[in-house]
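*Asks:* with the input below, show me the fold.
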Amino acid sequence: MTQQLITKLEQAFAKCDAYYLEQIPAQVEEMVNSWSDIMKKYYDTHERSEWKYLTCPYGAVFQKKYNFYNLKDHIKKDIKETKQKHKARNEKIAKKLEQAGITDIDAINFEIKYGDDFIGSWIIDGYKVTIKVIFAGGYNIQCLHNRVLCNVKEVA
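*Replies:* Next comes the predicted model:
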């Protein structure tokens, strides 16, 4: 996989990724405080025999980190995991482009803004490249996150 493609994709996502990483400490702290409050209220109002029925609204992965890491380490772990996801996303897109024979892209006109959906289409070397970025926060992932879809089709 060419490093040139990955570098251009890193540039295209740089502002969005940086903003997302900046938000992690406050989001994790808010979720930790919220989960602590939920547990305290539940334990105060339920019999000990019912405690096993309490489920974390932020999912099992969050709950495991809550149980095994202090706040500082929990934040560090989330930041590290997010950086790994960003790297994997860029490699996945680069691989798709490379499979179509595309070795370079113009990332100048390609900028993702955190929290805004984005659809960009380009004709590159006889291929229509469409990149969609959608933002969501769902049942197990309460914080806002992005999902990137890449489609490469030969132009008829």
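*Asks:* please count neighbours and contacts with C-alpha atoms only from this point.
*Replies:* OK.
*Asks:* and residue 32, how far from residue 91?
*Replies:* 32 Å (C-alpha to C-alpha, to the nearest Å).
*Asks:* wait, residue 57
*Replies:* To residue 91, residue 57 is 31 Å away according to C-alpha to C-alpha.
*Asks:* of the two, who's got more company?
*Replies:* residue 91 (20 against 16; other C-alpha atoms under 10 Å).
*Asks:* and the helix or strand containing the more buried one, what's its mean pLDDT?
*Replies:* Using DSSP states H and E, residue 91 maps to helix 71-99. Taken as a whole, helix 71-99 has an average pLDDT of 92.
*Asks:* going forward, the N-terminal residue is numbered 48.
*Replies:* Sure, I'll start numbering at 48, so the last one becomes helix 118-146.
*Asks:* so what does it touch, helix or strand wise?
*Replies:* Under the contact definition 3 or more C-alpha pairs under 8 Å, 6 or more residues apart in numbering; DSSP states H and E, helix 118-146 sits against helix 50-92, strand 192-201.
*Asks:* ranking those by mean pLDDT, which is last?
*Replies:* strand 192-201 (a mean of 80).
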